[in-house]
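Chemist: Give me a 3D structure for the following:
(one chain, ligands or ions: 1)
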Amino acid sequence: MKTTSAVATRARSWRIRTGPIALDKRPLVMGILNVTPDSFSDGGRFFDRQAAVAHAQAMVLEGADLIDVGGESTRPGSDPVLASEEARRVLPVLSELARRVDVPLSVDTRKAAVAEPAIEAGAAIVNDVSALSDPQMAPLAARTGAGLVLMHMTGDPKTMQVAPHYDDVVRDVRAFLQERIRIARQTGVPTDAIAIDPGLGFGKRTGAGIEDNATLLRRLGELVDLGHPVLVGASRKSFIGNILGVPMKDRLEGSLAAAAVATWNGAHILRVHEVRQTRRVVDLVNAIRSA
Ligand code: HH2
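Modeler: I've put the predicted structure just below:
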């Protein structure tokens, strides 16, 4: 009889450009830094370089383990940004943060032409919400040793909320991620450098009796079982507003509840706007989970 299990064990560390980071002590909190004029919840607030750097420093003081710097909004319906403009937004901020904070930096981009100079400027992780739509992305990660986040999305941000459909959202997302993991590995990205993300809010049904985001959170264990670090970004997203009937400014409690459930179900990295509050919730849930 075969004794090997088809299910991998939960990832215990993540290999990024600066070396491995432990995932078996407590979940990591990734602070969001949107250097954009139009992000869905904080567009324009950190578009100025000094404001961006100061906000990142504040998030590190509040307990952020990672800072994710993005120069293109991927909110539903958004238009793409030219690589030159995206690079112009993120590179000076990354360079300055590389000198000023001592947590690993991540660049949130779909474009290798942005990721490459971002890595040179100090990013240790590429957070690719399109999971390798740019064929140069996996070779870049392989060559540089950057950690690579592969996120599930249907289509692109412009059209992703137009009639998304799944047979079984968790199984479909899992199969998609397995395929992208296979491509990344085939290109030479080390298995333990690849993190995965269900892509809450990216082409997921919400608000009409079907809550794909809630289903993905409830059944997150089916992604954790793939053996890769699992990143979850629920912070302030529309499904929270839809379920609770609250506007953007009142989504903190819902975001924290989602972070708590994700932690309970095995998430390794929480991508959030409110670091201090999330840190406390995640640490408490983790303590209960580990008791
Ligand atoms: N969500 C957003 C952006 N990047 N990356 C990962 N890995 N997972 C996510 O869920 C995720 C992400 C969207 O949120 P935000 O950055 O706040 O807004 P915008 O795209 O409008 O800049």
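Chemist: Who are the contact partners of the residue of the chain at minimum distance from the ligand?
Modeler: Using C-beta to the nearest ligand atom, the closest approach of the chain to the ligand is made by Gly233 at 2.3 Å. (Glycine included, C-beta is placed from N, CA and C.) Going by C-beta atoms under 8 Å, 6 or more residues apart in numbering, Gly233 touches Asp197, Gly199, Leu200, Gly201, Leu270, Arg271, Val272.
Chemist: Could you identify the most distant pair in those?
Modeler: Within the contacts of Gly233, Gly199 and Val272 form the most distant pair, 15.5 Å apart (C-beta to C-beta).
Chemist: Surely Lys204 touches Phe239?
Modeler: Yes. Between Lys204 and Phe239 there is a contact under C-beta atoms under 8 Å: 7.2 Å.
Chemist: Find residues that contact each of those two.
Modeler: Common neighbours of Lys204 and Phe239 (C-beta under 8 Å, 6+ apart) are Asn213.
Chemist: So these two - more neighbours on which side?
Modeler: Counted by other C-beta atoms under 10 Å, Lys204 and Phe239 do not tie: Lys204 has more neighbours, with 27 against 23.
Chemist: Could you tell me which residues of the stretch 51-200 of the chain lie near the ligand?
Modeler: Gly70, Ser73, Thr74, Arg75, Asp108, Asn127, Val129, Val149, Met151, Asp197, Gly199, Leu200 (C-beta under 6 Å from any ligand atom).
Chemist: Excluding covalently adjacent residues, which one is nearest to the third one?
Modeler: The one in question is Thr74. Leaving out its chain neighbours, the residue that sits closest to Thr74 by C-beta to C-beta, 6 or more residues apart in numbering is Pro157, at 4.4 Å.
Chemist: tally of neighbours for the one you found?
Modeler: Count around Pro157 with other C-beta under 10 Å applied: 21.
Chemist: what helix or strand is it on?
Modeler: Following DSSP states H and E, there is no helix or strand that holds Pro157.
Chemist: Correct me if wrong: it contacts Ser78.
Modeler: Yes. Counting by C-beta under 8 Å, Ser78 is a contact partner of Pro157 at 4.8 Å.
Chemist: buried residues in stretch 185-199?
Modeler: Across stretch 185-199, burial judged by 16 or more other C-beta atoms under 10 Å covers Thr187, Val189, Asp192, Ala193, Ile194, Ala195, Ile196, Asp197, Pro198, Gly199.
Chemist: Correct me if wrong: the first one contacts Pro139.
Modeler: Yes. Thr187 is in contact with Pro139 according to C-beta under 8 Å; the separation is 5.6 Å.
Chemist: ok, and does the strand or helix carrying Ala257 reach over to the ligand?
Modeler: Secondary structure assigned from DSSP H and E places Ala257 in helix 252-264. No. Helix 252-264 lies apart from the ligand when judged by C-beta under 6 Å from any ligand atom; the minimum separation is 10.7 Å.
Chemist: If you count contacts, what does the helix or strand harbouring Ala58 end up packed against?
Modeler: If you go by DSSP H and E, Ala58 is part of helix 49-61. Secondary-structure packing of helix 49-61 (3 or more C-beta pairs under 8 Å, 6 or more residues apart in numbering; DSSP states H and E): strand 28-34, strand 66-70, helix 83-100.
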